[in-house]
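Enquirer: I'll drop the sequence and a predicted model, then ask my questions.
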Amino acid sequence: MKRKILAALLSAVMCVGLLAGCGAENTKESGDGKVTLDVWDIWTDPSSSLTTAFEDAVAQYEEEHPDINIELHGLDTDAYKTKMSTEFAGKAEGIDVFYYWAPGMIRKLIEADKVLPIDEYVTDEQLDRVKEGRTQSFEFDGKLYGLPIDSYMVILFCNQELFDQAGAKIPTTYEELLEAGKKLQQLDGVTPLALGAKDGWLAGTLYESLAMREVGAEKVNQVLLGEEPFDDPGFTSAAEKMNELYENGILGENPLEDGEAEANAKFLGGRAAMRLTGSWFAADIDSSEDSTIADNVVVTTFPMTRSDGATTDYSGGANSSFFVNKSTEHPKEAAEFAAYITEAMGSQAPELGSGFTSWNVDNDESKISPTFAKMIPLFDEVENGVLAWDTVLDANPAATHQEECQTLLADSADVDAFIQGHQEVIGKQ
């Protein structure tokens, strides 16, 4: 196994100069009779447990398959997305297997006939090890293009100590969220709910959570896929509630001033009572220098907004995998490796703190961090998920969605304009 980590700046410069041919320099022919696979990923931090686990799994595969040589190529996430977009404008000749997100981002590549279906290369035994319903995001027109690594869910992280000081209750309904927020406002220097909406995807996270509760997961998914129009009254109600949270000060004086890093720091530092974000935040909590924060954290799903809503709906799901370039010279070897590495990473996801495993395995509970362990019973109870909208929508509608969500964080926000902005782009992909 060889690891080639390309600097983001160098990659960008090379891609500008070479455009569709910028992957050609990575194409290799092995002189020892081995099949060489060029594998692309986003795990570039040598100190990360994810990077270590990934490279260990690749080394194990090479040991078990002495006729296979794996060349690893890594980039940070943003540079990686740019690289893949540029490469797949052509044949992506320097890519055999690549990490990517579904359904939105991978769908365009599949429609362009750039991704290899893996049905004939995946065994029934492998499929039996996948938890029921977890392949949905990777199936298109009756064909399977990838296996799930893991799943995530949006969690409302609550600091019980601050709730106790304010005499507030951990919210299970929207009304309780408002009530708790108003009580928490009375604590000096404490933001009731740190959002980090300077980063558009976090503004989207709050709206998407409200919309999921107002409209229901099934209907939201139909709308995002263009099967239904963006006209359910619940979308309007969700926008009104998001603006109401802002106007009542629940999100702080100006939630657009802080991004993800600042919002995380507020919660970890005891300056925010609630934090709405992905389940991966548990790793930050359990590694925090504040040794008491993990003990004080209560985790819950987003509060219900309707008495007739489905408590088994949630924001999240399985949305990443390793896929195979249809132009690969070694489709069988590439597909078999993609399936192997996907299962290897997914099986240990809870122990790595990266997500909830999509595989039927027994994890070592002693290796699962405390906050992540608290979330497992929540995930076991949910059924119908809605992935982050920006991973389902195309790039332009996704950007419009996030920008429109940020407009709700203002006095007298124009909800009608918000709805119209969405109707102009969603369903017209």
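Expert: Arrived safely, thanks for sending. Because the structure is a prediction, the values reported are computed rather than measured.

Enquirer: please make it C-alpha for all contacts and neighbour counts, starting now.
Expert: Will do.

Enquirer: now for stretch 91-101, what's the gap between its first and last residues?
Expert: Taking C-alpha to C-alpha, to the nearest Å, stretch 91-101 runs 19 Å from one end to the other.

Enquirer: report the distance from it to the chain centre.
Expert: Put simply, stretch 91-101 sits 20 Å off its chain's centre (C-alpha atoms, centre = their mean, to the nearest Å).

Enquirer: for it, the averaged confidence score.
Expert: Taken as a whole, stretch 91-101 has a mean pLDDT of 95.

Enquirer: same thing with stretch 48-67?
Expert: Mean per-residue pLDDT for stretch 48-67: 94.

Enquirer: give the buried residues for stretch 281-290.
Expert: If you call a residue buried by 16 or more other C-alpha atoms under 10 Å, then stretch 281-290 has these buried ones: 281-283, 285-286.

Enquirer: that one spans what distance, first to last residue?
Expert: This stretch, stretch 281-290, spans 15 Å end to end (C-alpha to C-alpha).

Enquirer: contacts for that stretch?
Expert: Applying C-alpha atoms under 8 Å, 6 or more residues apart in numbering, the contact partners of stretch 281-290 are 268-269, 293-294, 353-354, 369-372.

Enquirer: try it again at 7 Å.
Expert: With C-alpha atoms under 7 Å, 6 or more residues apart in numbering as the test, stretch 281-290 has contacts from 268, 293-294, 353, 369-372.

Enquirer: please apply the same query to stretch 54-61.
Expert: Contacts of stretch 54-61 (C-alpha under 7 Å, 6+ apart): 1, 341, 344-345.

Enquirer: now flag whichever of these is closest to Glu240.
Expert: Distance ranking of the contacts of stretch 54-61 against Glu240, using C-alpha to C-alpha, places Met345 first at 40.3 Å.

Enquirer: can I assume the closest one sits in a strand?
Expert: No - per DSSP: H, G, I helix; E, B strand; the rest coil, Met345 lies outside any strand segment and is helix.

Enquirer: how deep is it tucked in, by neighbour count?
Expert: Using other C-alpha atoms under 10 Å, Met345 has 21 neighbouring residues.

Enquirer: dump the buried residues of stretch 281-290 into TSV; add distance to Tyr61 and pLDDT as well.
Expert: Shown next, in TSV, are the buried residues of stretch 281-290 (distance: C-alpha to C-alpha, whole Å; pLDDT from 0 to 100):
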residue	distance to Tyr61	pLDDT
Phe281	30	90
Ala282	30	90
Ala283	27	83
Ile285	33	90
Asp286	31	87
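
Enquirer: which of the residues you listed fall in strands?
Expert: The members of the buried residues of stretch 281-290 all map outside strands under DSSP state E.

Enquirer: can you point me to the longest strand in the chain?
Expert: Counting by DSSP E, the longest strand found in the chain is strand 150-159.

Enquirer: doesn't Ala263 belong to a helix?
Expert: Yes - counting by three-state DSSP, Ala263 is part of a helix.

Enquirer: in this structure it contacts Ala194, no?
Expert: Yes - counting by C-alpha atoms under 7 Å, Ala263 does reach Ala194; the two are 5.2 Å apart.

Enquirer: in the helix or strand that comes right after the longest strand of the chain, what's buried?
Expert: Once the chain leaves strand 150-159, the next helix or strand it forms, by DSSP states H and E, is helix 160-166. Residues of helix 160-166 classed as buried: 160-163, 166 (neighbour count, 16+ other C-alpha under 10 Å).

Enquirer: average pLDDT across helix 160-166?
Expert: Mean predicted confidence for helix 160-166 is 98.

Enquirer: what residues does it touch?
Expert: Around helix 160-166, the neighbours that count as contacts under C-alpha under 7 Å, 6+ apart are 169, 183-184, 187, 273, 296-298.

Enquirer: now do stretch 263-280
Expert: Contacts for stretch 263-280 (C-alpha under 7 Å, 6+ apart): 152-159, 162-163, 189-196, 285, 288, 293, 353-355.

Enquirer: low-confidence regions, the stretch 1-150 of the chain specifically.
Expert: 5-32 (pLDDT under 70).

Enquirer: quick one, helices of it?
Expert: 8-18, 49-64, 77-87, 104-111, 124-128 (DSSP state H, counting those that start in this stretch).

Enquirer: what packs against the helix or strand containing Lys241?
Expert: Under the criterion of DSSP H and E, Lys241 resides in helix 233-247. Contact here means 3 or more C-alpha pairs under 7 Å, 6 or more residues apart in numbering; DSSP states H and E; on that basis helix 233-247 packs against helix 200-215, helix 415-423.

Enquirer: as JSON lines, those with mean pLDDT, mean neighbour count and distance to Gly146 would be great.
Expert: Output for the helices and strands packed on helix 233-247, formatted as JSON lines (pLDDT from 0 to 100; neighbours: other C-alpha atoms under 10 Å; distance: least, C-alpha to C-alpha, whole Å):
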{"stretch": "helix 200-215", "mean pLDDT": "97", "mean neighbour count": "24", "distance to Gly146": "25"}
{"stretch": "helix 415-423", "mean pLDDT": "97", "mean neighbour count": "16", "distance to Gly146": "30"}
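
Enquirer: got JSON lines for those, with distance to Leu144 too?
Expert: As requested, the helices and strands packed on helix 233-247 are exported to JSON lines (distance: least, C-alpha to C-alpha, whole Å):
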{"stretch": "helix 200-215", "distance to Leu144": "27"}
{"stretch": "helix 415-423", "distance to Leu144": "31"}
